[in-house]
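Undergrad: sequence unknown, structure follows:
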């Protein structure tokens, strides 16, 4: 059982948290995030702001869904606070003959071995920065879920090939290489 909800979430310097209607508004130097508290699951926990901390408690300590949402809400609040103060980033690179990426306006253009370029619109609130090489780039944003989803969409354009070792990779991703056919 996770104990993530037991500990209060510390509000960092330069970050303000307030509860407005059924939303938690988190503002920081990188931007502003709204965390919805009006969902069915969020009604299972109580959220209070006291002593520069966000304290989350289950409404019914014996109710299993309430205890599950306790830890989930604590991690969601913590991720939002980290996002508006530091931000999130996914570093990626491409490997293969002729593979490269570029950013044009609000679009990411991937040349990944297809007969056409793959043009992906960059979602609002995210940025894609190119690295030193045309095959390296970083997806950045304040919303952890949005950064992860967009990076996954990019990754799915050309998944890592275990035989040739080419594709689109996350930095630090380990791909087990397989041996090809033998004569």
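TA: Good, I have the coordinates. The model shown is predicted, which means the values in this text are computed figures rather than measured ones.

Undergrad: for this protein, what's the longest strand?
TA: Ranked by residue count and defined by DSSP state E, the top strand of the chain is strand 88-95.

Undergrad: quick one: strands adjacent to that one?
TA: Partners of strand 88-95 in the sheet, by DSSP bridges, are strand 136-141 (antiparallel), strand 167-170 (antiparallel).

Undergrad: any idea how far the residue nearest the centre of the chain lies from residue 82?
TA: For the chain, the residue nearest the mean C-alpha position is residue 144 (2.7 Å; Cα atoms, centre = their mean). With distances taken as Cβ to Cβ, to the nearest Å, residue 144 is found 8 Å from residue 82. Quick note: C-beta positions are derived from backbone N, CA and C, even for glycine.

Undergrad: Likewise for residue 94?
TA: According to Cβ to Cβ, residue 94 stands 28 Å off from residue 82.

Undergrad: Likewise for residue 63?
TA: Distance from residue 63 to residue 82, by Cβ to Cβ: 29 Å.

Undergrad: Show me which of these two is the more surrounded one.
TA: residue 82 (18 against 13; other Cβ atoms under 10 Å).

Undergrad: Just say helix, strand or coil for the more buried one.
TA: What DSSP: H, G, I helix; E, B strand; the rest coil gives for residue 82 is helix.

Undergrad: How about the contacts made by it?
TA: Going by Cβ atoms under 8 Å, 6 or more residues apart in numbering, residue 82 touches 88, 144.

Undergrad: Okay, now the unreliable bits of the protein?
TA: Within the chain, the segments meeting pLDDT under 70 span 1-2, 41-42.

Undergrad: So it: which segments form each domain?
TA: Per the record, the chain has its domains at 9-85, 88-170, by automatic domain parsing.

Undergrad: Need these in CSV (columns: distance to residue 177).
TA: Converted to CSV, the domains of the chain look like this (distance: least, Cβ to Cβ, whole Å):
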stretch, distance to residue 177
domain 9-85, 34
domain 88-170, 6
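
Undergrad: Export the strands paired with strand 88-95 to TSV and append columns for mean neighbour count and distance to residue 22.
TA: Formatted as TSV, the strands paired with strand 88-95 follow (neighbours: other Cβ atoms under 10 Å; distance: least, Cβ to Cβ, whole Å):
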stretch	mean neighbour count	distance to residue 22
strand 136-141	21	24
strand 167-170	20	35
